[in-house]
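have a look at this fold, sequence not included:
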């Protein structure tokens, strides 16, 4: 049975607010017959574009970067992202940098805000008065646009009269964090496979970078909190080490990756990470032993079109694990 201790976990919740640059309208606002609207770059059904979306692109980019950062450092929970204590300072430093970028972009945007509105109106003179009438005010935009970082610690005060109830809730949240971590691992691996490996029928060095640089550090950061993470991280690292060792034997100048039995062996282990249940099964079967790079049973990979990848999905893999249905471990015990 795995041990889970979430006494050193923090929930980080960045709050990023911008403006949509749109305003709800009707045909009557435009003085048009029911069922008619102006060109799409002026308005869509029920929405008037008052601020050019290109002007707002930096804020959307910072919001997306914030989301990616949190996903790389922790696990999504109800109030934000659960981050291990040792990772908190680095996470906060990176978020503070994004916060600085946000406010620099805000200063630049507000300095030219009125000019942006004038240019927007002038580019569509037929709707200029409506754009100016429906555009947000400078003060509203100033208040609306902000970047804050809320941080909470998962803990139950000893003297709290409701500590029993709170501890029970925290224990459930802790179990959910561990399970969610494996679910996010499977999502990450599936996405990487779809984007970079699905169509190639091989594995090259650049395919390994997301797993070495992002996924492995994330699993390692949780291994002191949840004993399920260490076997998963060990298997991933051994898979990457062996693949890199084989790739390093390929002479320079030859543009090829893993092939034949090397490719089959890699994919046999890789498939374990495509399923949260199968990863849990591996952890249950290998918790007290050193993981080996043996091909493992798994659900099929997402459909692939080229014939050169069929050999991987059709070739039966030797069973190294019990059936995932019977080997998924019981829920771990929380310790505080």
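Yes, it's here. In this text the structure is predicted, and so the values were computed from the model without any measurement.

surely residue 149 meets residue 94?
No - Residue 149 is beyond contact range of residue 94, at 10.6 Å (criterion: C-beta atoms under 8 Å). For every residue, glycine as well, the C-beta is placed using N, CA and C.

element containing residue 62, please.
helix 53-73 (DSSP states H and E).

right, I mislabeled it, should have said residue 147
strand 146-153.

for whichever strand or helix holds residue 130, buried residues please.
Using DSSP H and E, residue 130 falls within helix 128-134. Neighbour counts over helix 128-134 (16 or more other C-beta atoms under 10 Å) mark 130-131, 134 as buried.

show me what it is packed against.
helix 27-30, strand 47-49, helix 113-123 (3 or more C-beta pairs under 8 Å, 6 or more residues apart in numbering; DSSP states H and E).

rank those by pLDDT, which is bottom?
Looking at these, the lowest mean pLDDT belongs to helix 27-30 (a mean of 62).

the stretch 101-250 of the chain: helices as residue ranges?
Taking DSSP state H, counting those that start in this stretch as the test, the helices found in the stretch 101-250 of the chain are 113-123, 128-134, 138-144, 163-192, 205-210, 216-222, 229-248.

pLDDT on the longest one, on average?
For helix 163-192, mean pLDDT is 77.

repeat that for the second one.
Helix 128-134 shows a mean pLDDT of 83 in the predicted model.

follow-up on the earlier one: do you know which of the helices of the stretch 101-250 of the chain lies nearest residue 71?
Across the helices of the stretch 101-250 of the chain, residue 71 has its closest neighbour in helix 163-192 (7.2 Å, C-beta to C-beta).

adjacent strands (with direction) for the strand holding residue 147?
strand 9-17 (antiparallel) (DSSP bridges).

which residues does the partner strand contact?
59, 62-63, 66, 70, 73-74, 77, 79-85, 88, 91-92, 95, 98, 102, 144-154, 174, 177, 225 (C-beta atoms under 8 Å, 6 or more residues apart in numbering).

that one to helix 53-73, inter-axis angle?
Relative orientation of strand 9-17 versus helix 53-73 (axes from the mean of the first three to the mean of the last three C-alpha atoms, to 10 degrees): 180 degrees.

now strand 9-17: buried residues?
So strand 9-17, judged by 16+ other C-beta under 10 Å, has buried residues 9-12, 14, 16.

looking at those residues, which is nearest residue 265?
Nearest member of the buried residues of strand 9-17 to residue 265, counting by C-beta to C-beta, is residue 9, at 35.9 Å.

could you report the distance from the closest one to residue 154?
5 Å (C-beta to C-beta, to the nearest Å).

quick check: closest non-adjacent residue to residue 70.
Distance criterion C-beta to C-beta, 6 or more residues apart in numbering; nearest residue to residue 70, sequence neighbours excluded, is residue 81 at 4.1 Å.

give me the low-pLDDT residue ranges for the chain?
Applying pLDDT under 70 to the chain flags residues 1-7, 23-48, 155-176, 255, 287-336.

now with 50?
In the predicted model, the chain carries pLDDT under 50 at residues 1, 290-336.

what residues go with each domain of it?
3-153, 163-330 (automatic domain parsing).

how about residue 145, phi and psi?
phi -80, psi 110 (degrees, to the nearest 10).

report the contact partners of it.
17-19, 59, 106, 109.

now the residues you listed in CSV, with distance to residue 284?
Shown next, in CSV, are these (distance: C-beta to C-beta, whole Å):
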residue, distance to residue 284
17, 43
18, 45
19, 49
59, 45
106, 50
109, 52
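
now, of these, which are buried?
Judged by 16+ other C-beta under 10 Å, buried ones among those: 18-19, 59, 106, 109.

from those, pick the one nearest residue 253.
So of the buried ones among the contacts of residue 145, ranked by how close each gets to residue 253 (C-beta to C-beta), first place is residue 59, at 44.6 Å.

give me the nearest residue to the closest one, chain neighbours excluded.
residue 18 (4.1 Å).

do I have it right that that neighbour meets residue 63?
Yes - under the contact definition of C-beta under 8 Å, residue 18 touches residue 63, with a separation of 7.1 Å.

before we move on, back to that, want to throw the helices of the stretch 101-250 of the chain into CSV with distance to residue 257?
Formatted as CSV, these follow (distance: least, C-beta to C-beta, whole Å):
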stretch, distance to residue 257
helix 113-123, 48
helix 128-134, 53
helix 138-144, 49
helix 163-192, 15
helix 205-210, 7
helix 216-222, 19
helix 229-248, 7
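
and those helices: which comes nearest residue 54?
helix 113-123 (9.9 Å).

run through the neighbouring helices and strands of the closest one.
Using 3+ C-beta pairs under 8 Å, 6+ apart: helix 113-123 touches helix 128-134, helix 138-144.

ok, 6 Å please
Contact analysis of helix 113-123 by 3 or more C-beta pairs under 6 Å, 6 or more residues apart in numbering; DSSP states H and E lists helix 128-134 as its packing neighbours.

how about whichever strand or helix holds residue 264: buried residues?
Per DSSP H and E: residue 264 is located in helix 260-270. With burial defined by 16+ other C-beta under 10 Å, the residues of helix 260-270 counted as buried are 262-263, 265-270.
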